[in-house]
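S.K.: Model the structure of this input:
(chains A and B)
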There are 2 protein chains.
Amino acid sequence: MTLAKLVSEIKRKKSFLCVGLDVDLNKIPTHLLETEDPIFEFNKQIIDATHHVAVSYKPNTAFYEAYGIKGWQSLDKTIKYINTNYPEIFTIADAKRGDIGNTSTMYAKAFFEDLNFDSVTVAPYMGSDSVEPFLAFKDKFTIMLALTSNKGGLDFQGKELVDGQPLYKEVLKTALTWKNSENLLFVVGATKAEYFKGIREIAPNSFLLVPGVGAQGGSLEGVCEYGINKENIGLLINSSRGIIYASNRTDFAEAAKLEAEKLQNQMATILAKNNIS
Amino acid sequence: MTLAKLVSEIKRKKSFLCVGLDVDLNKIPTHLLETEDPIFEFNKQIIDATHHVAVSYKPNTAFYEAYGIKGWQSLDKTIKYINTNYPEIFTIADAKRGDIGNTSTMYAKAFFEDLNFDSVTVAPYMGSDSVEPFLAFKDKFTIMLALTSNKGGLDFQGKELVDGQPLYKEVLKTALTWKNSENLLFVVGATKAEYFKGIREIAPNSFLLVPGVGAQGGSLEGVCEYGINKENIGLLINSSRGIIYASNRTDFAEAAKLEAEKLQNQMATILAKNNIS
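M.R.: The predicted structure follows:
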């Protein structure tokens, strides 16, 4: 996958929607629990119902690891299903990994080679040599946490440095100097739409993966006002619970389709308003 | 597991050695590659040969995930083998996880419940609500990155805040105020022995997991000079490559035993010098 291909898919579908596949067995329709692999069955139906308006899927690895080997098998089947049936989709392993150099290389192999995701999320705390091993993979992308949407996000990310700027801005600036940083994207939470202006001053062209729209209270319009980039759009807006748990009955896939189409409609309007086609 | 039990094991074995099980199929003896599960077979022999001088084992999850479902199975068998045969051992899943609240709970379930590790390593970048879900598990421990031993460790951890202190000190201070912080331990890299003095001023009683002795160049004596705590010892010193890859022939387990015993001998001397028994 290339970012040019992602941009062309966004224009074709008039959508920059990423659907988060955070599958909790306590929340999916009970009739699926009788199937051999409920998590995969749920994902398959969600994907089939939403792929026409989504450009990306993002399984969060925690929800698979929690079910041990079976969960890892469901993840494996899910990514294979997407890659086989919808190869135009940009896939994200939301794993938030990061370790010393040789260990990060092993994580990169796990997600880029063994599972064959297009991208993986990573945490920045361990610095350059914990992220650069991921960046070294050609046509694969590394999405680094910059500013997250959770309550404790600012605990450290918002800490003021001696030069007056918050830590997350330093993280963005520094990361853009790393080797192969053209393969770097950033996670920026939607609940802080007003921060996008400052972030675009530092990273005008970077793709930003934006969680927090919907269940976490972020506004799509707010994010796009400052976040959208007329060159390459530069935004992937993630929605998980608002789409996949729109219904917990047998109509869950149809309900997910309607919610995804609602978001896609809003995105099409925003793209048109920005003369992007 | 409780920390009191860990301290009693340290005193009984006169050792605060943690053996890192970072198993790379390219580095293990080739005769093992013919077995059904080479990673588990390697771990089993290493564990059997070193458990008398080690109080902890620390598989790094990256090295298992890189081999997909098979790797995850090897990890599962390894932790079950330790828990069944050596229940007195303090087990660490070196996973460096961390995500928003409900997601961190899923990771905690993966490592504390599904795999039944005593502890897991986490990254602090996402703040309080990314770590507190781990801390909520009784008799389970969360080992948070504070100051790491890699080259890029200081990229962000060493950033000077507006009040003049480096970020990692703020991370330590803040984390100690979190709910259930009695279940919190910290990762502090051995390559920076001189930093232990300042860290002990902030966290006098916390257990510190110390990687970087051996292959990464850290000094055991240097770390202990400032890091050891006469109350509860408060140190777990990790060695991975220096022990497990001491030989890559059929004598690998015997060679690992000798290297582990060397470290244990040095540790016994240090404990005696500090009148800890």
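
S.K.: what residues are up against A:Thr91?
M.R.: Residues counted as contacts of A:Thr91 (Cβ atoms under 8 Å, 6 or more residues apart in numbering or on different chains) are A:1, A:56-58, A:79, A:82-83, A:117-119. From N, CA and C alone the C-beta is placed, and that goes for glycine too.

S.K.: wait, I meant A:Ile237
M.R.: Contacts for A:Ile237 (Cβ under 8 Å, 6+ apart) come out as A:16-18, A:190, A:210, A:213, A:220, A:223, A:263, A:267.

S.K.: can I get those residues in TSV with pLDDT and neighbour count?
M.R.: As requested, the contacts of A:Ile237 are exported to TSV (pLDDT from 0 to 100; neighbours: other Cβ atoms under 10 Å in any protein chain shown):
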residue	pLDDT	neighbour count
A:Phe16	98	30
A:Leu17	98	26
A:Cys18	98	26
A:Ala190	85	27
A:Val210	96	27
A:Val213	83	26
A:Leu220	93	23
A:Val223	94	25
A:Leu263	96	23
A:Met267	97	23
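
S.K.: Just the closest of those residues to chain B, please.
M.R.: Nearest to chain B among the contacts of A:Ile237: A:Ala190, at 12.6 Å, using Cβ to the nearest Cβ.

S.K.: That closest one reaches A:Val223, doesn't it?
M.R.: Yes. Using Cβ atoms under 8 Å, A:Ala190 is in contact with A:Val223, at 5.0 Å.

S.K.: between those two, what contacts are shared?
M.R.: Jointly contacting A:Ala190 and A:Val223 under the rule Cβ under 8 Å, 6+ apart are A:210, A:213, A:237.

S.K.: Give me the number of neighbouring residues for the residue nearest to A:Lys27 when sequence neighbours are not counted.
M.R.: Among residues not flanking A:Lys27 along the chain, A:Tyr245 sits closest, at 5.5 Å (Cβ to Cβ, 6 or more residues apart in numbering or on different chains). By the criterion of other Cβ atoms under 10 Å in any protein chain shown, A:Tyr245 has 19 neighbours.

S.K.: Run through who's touching stretch A:97-114.
M.R.: A:93, A:95, A:117, A:120-126, A:129-134, A:136-137, A:140, B:22, B:24, B:60, B:62-63, B:65-68, B:71, B:94, B:96, B:123, B:148-151.

S.K.: Out of those, which sit inside strands?
M.R.: Applying DSSP state E to the contacts of stretch A:97-114, the entries found in strands are A:93, A:95, A:120-122, B:94, B:96.

S.K.: For the stretch 1-150 of chain A, just list every one of the helices.
M.R.: Here the stretch 1-150 of chain A has its helices, by DSSP state H, counting those that start in this stretch, at A:3-13, A:38-50, A:62-65, A:68-85, A:101-108, A:128-135.

S.K.: May I see the buried residues of the first one?
M.R.: Along helix A:3-13, these residues count as buried under the neighbour rule (16 or more other Cβ atoms under 10 Å in any protein chain shown): A:3, A:6-7, A:9-10, A:13.

S.K.: Sitting in helices, which of the contacts of A:Ile237 do you find?
M.R.: Judged by DSSP state H, those include A:220, A:223, A:263, A:267 as members of helices.

S.K.: doesn't A:Val210 make contact with the second one?
M.R.: Right, the one you point to is A:Val223. Yes. With contact defined as Cβ under 8 Å, A:Val223 counts as touching A:Val210 (5.6 Å).

S.K.: Name the residues contacting each of these two.
M.R.: Listed as contacting both A:Val223 and A:Val210 by Cβ under 8 Å, 6+ apart are A:190, A:235, A:237.

S.K.: a markdown table for the residues you listed, including distance to B:Pro38?
M.R.: Below are those laid out as a markdown table (distance: Cβ to Cβ, whole Å):
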| residue | distance to B:Pro38 |
| --- | --- |
| A:Ala190 | 45 |
| A:Leu235 | 44 |
| A:Ile237 | 44 |
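
S.K.: Chain B contacts on the stretch 101-250 of chain A?
M.R.: Neighbours of chain B within the stretch 101-250 of chain A, by Cβ under 8 Å from any Cβ of the partner chain: A:101, A:103-104, A:106-107, A:109-110, A:114-115, A:123-130, A:145, A:148-157, A:159-162, A:164, A:167, A:170-171, A:174.

S.K.: Buried members of those residues into ChimeraX, please.
M.R.: To isolate the buried members of those in ChimeraX, using 16+ other Cβ under 10 Å:
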select /A:101,103,104,106,107,109,110,114,115,123,124,125,126,127,128,129,130,145,148,149,150,151,152,153,154,155,156,157,159,161,167,170,171,174
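
S.K.: ok, of the buried residues of helix A:3-13, which one's closest to chain B?
M.R.: Taking Cβ to the nearest Cβ as the measure, chain B lies nearest A:Leu6 of the buried residues of helix A:3-13, at 23.8 Å.

S.K.: so what's the closest one up against?
M.R.: Counting by Cβ under 8 Å, 6+ apart, A:Leu6 touches A:55-56, A:90, A:207.

S.K.: Please repeat the previous calculation with a cut-off of 6 Å.
M.R.: Counting by Cβ atoms under 6 Å, 6 or more residues apart in numbering or on different chains, A:Leu6 makes contact with A:Phe90.

S.K.: How about A:Leu161?
M.R.: Going by Cβ under 6 Å, 6+ apart, A:Leu161 touches A:170, B:159, B:161.
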